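[1] A predicted structure for the sequence below; I have some questions about it.
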Amino acid sequence: MDGFNDAVDGYVDVDDQLSRYVLSWADDHFANERAAKRAIDSRREFEERRECVRELFLSSVGGLPDRMTDPTVETTGRLERDGYSIELLVLESRPNFRVTANCYVPDGDGPFPGVLFCCGHVDSAKGDPHNQKACIELASNGFVVLVVDPVGQGERTQYVDSETGEPRFTGSGGVFAHCYAGQKCFYAGANLARYVIHDDRCALDYLAERSDVDPDRIGVTGTSGGGIQTLYLSLVDDRIDAAAPCCSVTERREWLKTGKRIDAEQVIYGAIPRGINYDDLVTAMAPDPICVGAAASDEYFPIEGVHETLERARRIYDLYDADENVRLTVADTTHCSVYELREGVFEFLCDHLGDGEYVPRDDPSTLDESELHSTPEGSVLAASADERTIDDLIREYVAETCPSGGTVPAVDDGNGRGGGVGRDDGDGEYAADLRRTLLETLDLDREGCELNPRFVDRVEKTDVDGLDVEHVWFKTERDPDIVVTGVLVSDPQSAAESPAVVLYEDGTEALPERTADVASLAREYGTVLVFDPRGVGAVRNRVIPIPAWVEEYDDIYGTEFKLAYDALQMESSLLEMRVYDVRRAVEFLRSETDADRVSFVGEGIGAYHALYAGAATENVGRIDLQDVGPSFFELATERDVPFRPQLTAFDVVGECDLPHLTAALERRGVRVSKTSDGGRE
């Protein structure tokens with residue numbers, strides 16, 4: 001029993017279909033966004049839009065935590081240098097959650113202008129030589145510069161192997177740790193950015209309150225992930241007088257076309273249909289001055305998108321007669337540091353905040369990273385027994401926003417009593433309500449196209465051990481198109497009273513190794529459809545080799561990761577899309593067998609698809625799950641959980657998590673069995 005050959009047995013090229021689908025789907029939204037922005041012709045209209053963008057952004061990240069009334073600030077050391085000194089600091093941004101920082105202070109009394117320096121994705125963060133040189137150069141030009149370690153970087157490593165004591169994620173500049181923690185945030189309906197921005201705002205509090213800093217001359221800069229922080233801060237904090245985001249600006253369509261990845265904190269849920277683009281971030285502080293630093297050959301932020309964004313931004317600044325407050329400086333290089341853009345960026349900061357013209361300093365002398373540590377061992381976790389982790393903060397957020405998360409709901413037994421979970425003897429309100437919620441939140445009931453199934457081998461059916469085997473494909477959506485595939489296996493000797501959709505993690509690619517299993521299922525159910533929802537099995541997207549060093553298709557920064565993050569920006573998810581396809585497969589199976597009731601068999605990731613599709617479908621026979629993973633509540637709140645980009649989804653720890661689906665199904669009288677490699681659970 002074989003799966004499909006290339007291009008769905010030579011019928012249709014599907015290698016890029018999921019990538020094309022997202023871009024085509026997004027294009028309508030991009031057109032609407034462009035039209036809406038062209039129509040803005042007054043300050044009032046822009047400011048109303050800016051406030052709307054700010055509210056949508058804050059909602060998408062889960063809001064910002066309240067700042068502490070009396071946070072502790074500890075100075076753990078001071079290094080005297082030539083013309084400036086470096087203070088080694090530990091700032092508390094949340095109770096028992098500490099931020100390590102260095103403050104570069106010019107010689108003299110001040111008050112000086114202040115700059116918050118946001119680090120991009122480099123492991124050593126504030127200790128990185130390029131970051132050190134940038135801070136030294138600014139201090140030499142009369143700025144107090146506060147540079148902080150982002151969570152997961154520098155002295156703030158979060159994930160440590162319990163056996164070896166070594167960091168779990170290394171050599172990734174912090175992006176792997178950010179995406180691992182960011183995945184948990186997504187499940188909880190939040191974003192890692194809420195914690196990163198909060199840390200930065202607390203650092204701004206400290207900087208602005210220093211006696212040697214002029215609070216009316218505060219700037220912020222950073223590159224890559226630090227540039228994104230700069231943009232976000234410009235949107236949510238009015239204290240910033242000038243901003244210089246570097247290597248962090250483009251235009252979403254230009255970025256989407258390239259196949260590039262972004263990091264968890266850069267994903268704004270629903271940004272594309274809501275029309276939130278990089279120009280909205282650049283104009284967040286209009287008409288105050290901003291300088292965008294860019295690299296002509298940036299491998300992450302296409303230069304065409306930089307120019308388009310700046311063109312849009314200047315139209316807004318023109319409304320304030322402040323076009324001169326928008327600058328662009330471009331280095332003839334690839335993705336680079338603030339220091340490599342210093343000529344334009346530092347000149348800009350000196351012009352708008354400083355006490356004189358920018359004076360370059362030749363090749364400043366840097367220190368070993370360890371000399372800049374604010375903690376004895378270079379680790380906040382090792383320095384403080386009471387130090388909390390980012391996982392602790394996410395768990396706290398889940399407890400606040402979803403107090404019933406992870407619990408099996410108590411439902412009325414039909415006699416006015418909380419009878420827990422069992423066959424529904426009452427009116428079935430709980431199960432019906434959950435199904436309606438599921439259909440609405442995952443957009444599963446939207447109108448689909450005609451299936452028009454194509455049977456590759458219907459004329460000459462394959463016979464395997466007395467079973468009829470047919471390859472079939474059909475479309476679940478058109479404009480843009482989605483092609484799905486399946487292997488239909490029937491036992492002529494068995495009645496298909498409740499045929500089953502079979503969902504293996506690798507879909508039909510699991511064949512022929514699973515021939516015996518499929519044959520057994522066909523005899524049990526009468527007819528089964530081994531099914532490939534979009535991006536799985538025979539319709540799997542080709543490998544998108546960006547960045548070139550990523551090896552795993554379904555790991556952090558792999559192809560599934562990229563597609564999942566694209567879906568989030570479309571206010572959707574791969575889970576949602578694939579469950580929709582499974583429901584269309586149910587339509588096909590019912591039409592082929594004339595059966596009213598259907599069943600589901602799911603394994604691994606396919607078990608999630610089976611459970612969600614089953615809970616959203618009427619007249620279900622039974623659901624058999626093999627090796628189903630943790631609930632989304634567990635994935636969000638437990639420390640050592642698997643990272644599965646196929647399950648990337650937003651705000652799923654609430655009322656539609658796995659325990660709720662199982663409870664609702666059992667209330668409907670649907671038997672849900674779960675087995676693992678060790679036997680039935």
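    Received, thanks. Not measured: the values here are computed from a predicted model.
[2] how's the chain carved up into domains?
    Per the record, the chain has its domains at 6-25+411-680, 44-397, by automatic domain parsing.
[3] for Glu33, find the nearest of these.
    Each of those has some distance to Glu33 by Cβ to Cβ; the shortest is domain 44-397, at 3.9 Å. To be clear about C-beta, it is placed using only N, CA and C from the backbone, and glycine gets the same treatment.
[4] what's the spacing between that closest one and its chain's center?
    Distance of domain 44-397 from the chain centroid (Cα atoms, centre = their mean, to the nearest Å) equals 19 Å.
[5] also stretch 633-647?
    13 Å.
[6] wait, which of the domains of the chain is closest to Asn32?
    For Asn32, the closest of the domains of the chain is domain 44-397, at 6.7 Å, according to Cβ to Cβ.
[7] which strand or helix spans the residue located most distally from the centre of the chain?
    Relative to the mean C-alpha coordinate of the chain, counting by Cα atoms, centre = their mean, the farthest residue is Gln493 (48.6 Å). Secondary-structure assignment from DSSP states H and E places Gln493 in no helical or strand segment.
[8] which residues touch it?
    When contacts are counted by Cβ atoms under 8 Å, 6 or more residues apart in numbering, Gln493 is found next to Gly466, Arg523.
[9] distance check, it against Arg523.
    The gap separating Gln493 from Arg523 is 8 Å, by Cβ to Cβ, to the nearest Å.
[10] which one, of the domains of the chain, ends up nearest to Arg34?
    Nearest to Arg34, of all these, is domain 44-397, at 8.8 Å by Cβ to Cβ.
[11] now do the same for Arg680: its pLDDT.
    Arg680 carries a pLDDT value of 50.
[12] I meant Gly293, not that one.
    Model confidence at Gly293, given as pLDDT, is 98.
[13] lowest average pLDDT across the domains of the chain?
    domain 6-25+411-680 (a mean of 91).
[14] against Pro403, how distant is Glu396?
    For Glu396, the distance to Pro403 equals 12 Å [Cβ to Cβ].
[15] who has more neighbours out of these two?
    Set side by side, Glu396 and Pro403 show more neighbours around Glu396, with 14 against 9, by other Cβ atoms under 10 Å.
[16] show me what the strand or helix carrying that one is packed up against.
    Per DSSP H and E: Glu396 is located in helix 390-401. Applying 3 or more Cβ pairs under 8 Å, 6 or more residues apart in numbering; DSSP states H and E, we find helix 390-401 packed against helix 175-187, helix 632-637.
[17] these: which one's closest to Tyr565?
    Closest approach to Tyr565 among the helices and strands packed on helix 390-401 (Cβ to Cβ): helix 175-187, 9.0 Å.
[18] I'd like the next helix or strand past the closest one.
    Once the chain leaves helix 175-187, the next helix or strand it forms, by DSSP H and E, is helix 193-209.
[19] send the alpha carbons of that next one over as CSV?
    C-alpha atoms of helix 193-209 as CSV (Å, rounded to 0.1, in the frame of the first residue of the first chain):
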residue,chain,number,x,y,z
ALA,A,193,7.5,41.1,23.8
ARG,A,194,5.3,42.0,26.8
TYR,A,195,8.2,41.0,29.1
VAL,A,196,11.0,42.4,27.0
ILE,A,197,9.3,45.7,26.7
HIS,A,198,8.5,45.8,30.4
ASP,A,199,12.2,45.2,31.2
ASP,A,200,13.1,48.1,28.8
ARG,A,201,10.6,50.4,30.4
CYS,A,202,11.9,49.7,33.8
ALA,A,203,15.4,50.4,32.5
LEU,A,204,14.1,53.7,31.1
ASP,A,205,12.7,54.5,34.6
TYR,A,206,16.1,54.1,36.1
LEU,A,207,17.9,56.0,33.4
ALA,A,208,15.5,59.0,33.5
GLU,A,209,15.6,59.2,37.3
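[20] name the helices or strands packed onto it?
    Checked by 3+ Cβ pairs under 8 Å, 6+ apart, helix 193-209 has helix 43-61, strand 84-94, strand 97-106, strand 112-118, strand 144-148, strand 213-223, helix 225-236 packed alongside it.
[21] okay if I get these as JSON lines plus distance to Asp594 and mean neighbour count?
    Output for the helices and strands packed on helix 193-209, formatted as JSON lines (distance: least, Cβ to Cβ, whole Å; neighbours: other Cβ atoms under 10 Å):
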{"stretch": "helix 43-61", "distance to Asp594": "45", "mean neighbour count": "16"}
{"stretch": "strand 84-94", "distance to Asp594": "60", "mean neighbour count": "20"}
{"stretch": "strand 97-106", "distance to Asp594": "60", "mean neighbour count": "25"}
{"stretch": "strand 112-118", "distance to Asp594": "62", "mean neighbour count": "29"}
{"stretch": "strand 144-148", "distance to Asp594": "65", "mean neighbour count": "29"}
{"stretch": "strand 213-223", "distance to Asp594": "62", "mean neighbour count": "23"}
{"stretch": "helix 225-236", "distance to Asp594": "55", "mean neighbour count": "25"}
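[22] measure Val472 to Asp532 for me?
    Relative to Asp532, Val472 is positioned 11 Å away (Cβ to Cβ).
[23] contacting residues for the nearest residue to Val359 once chain neighbours are set aside?
    Once flanking residues are discounted, Val359 sits nearest to Asn141: 6.1 Å by Cβ to Cβ, 6 or more residues apart in numbering. Residues near Asn141 by Cβ under 8 Å, 6+ apart: Phe346, Cys350, Gly354, Gly356, Tyr358, Val359, Arg361.
[24] ok, back up a step: so of the helices and strands packed on helix 390-401, which one's packed in deepest?
    Among these, ranked by average contacts under mean count of other Cβ atoms under 10 Å, first place goes to helix 175-187 (a mean of 26).
[25] just want the angle from that helix to helix 193-209.
    Interaxial angle of helix 175-187 relative to helix 193-209 (axes from the mean of the first three to the mean of the last three Cα atoms, to 10 degrees): 110 degrees.
[26] distance check, Thr221 against Ile262.
    Applying Cβ to Cβ, the value for Thr221 to Ile262 is 20 Å.
[27] typo on my end, Arg644
    Distance check for Arg644 against Ile262: by Cβ to Cβ, it reads 19 Å.
[28] which residue lies nearest the spatial centre of the chain?
    For the chain, Ala264 is the residue whose C-alpha lies nearest the centre (Cα atoms, centre = their mean; 4.0 Å).
[29] what's the closest non-adjacent residue to it?
    Nearest non-adjacent residue to Ala264 (Cβ to Cβ, 6+ apart): Gly182, at 2.3 Å.
[30] show me where the stretch 401-550 of the chain has strands.
    454-455, 462-464, 467-477, 482-490, 500-503, 527-532 (DSSP state E, counting those that start in this stretch).
[31] how about stretch 391-400: buried residues?
    Buried residues in stretch 391-400, counted by 16 or more other Cβ atoms under 10 Å: Asp391, Asp392, Leu393, Ile394, Arg395, Tyr397, Val398.
[32] using PDB, write out every CA atom in it.
    Output of stretch 391-400 as PDB, limited to C-alpha atoms (Å, rounded to 0.1, in the frame of the first residue of the first chain):
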ATOM      1  CA  ASP A 391       8.500  30.400  32.700                       C
ATOM      2  CA  ASP A 392       7.400  31.500  36.200                       C
ATOM      3  CA  LEU A 393       6.100  34.800  34.700                       C
ATOM      4  CA  ILE A 394       4.200  33.100  31.900                       C
ATOM      5  CA  ARG A 395       2.700  30.600  34.400                       C
ATOM      6  CA  GLU A 396       1.700  33.600  36.600                       C
ATOM      7  CA  TYR A 397       0.100  35.300  33.500                       C
ATOM      8  CA  VAL A 398      -1.900  32.100  32.700                       C
ATOM      9  CA  ALA A 399      -3.100  31.900  36.300                       C
ATOM     10  CA  GLU A 400      -4.300  35.500  36.100                       C
END
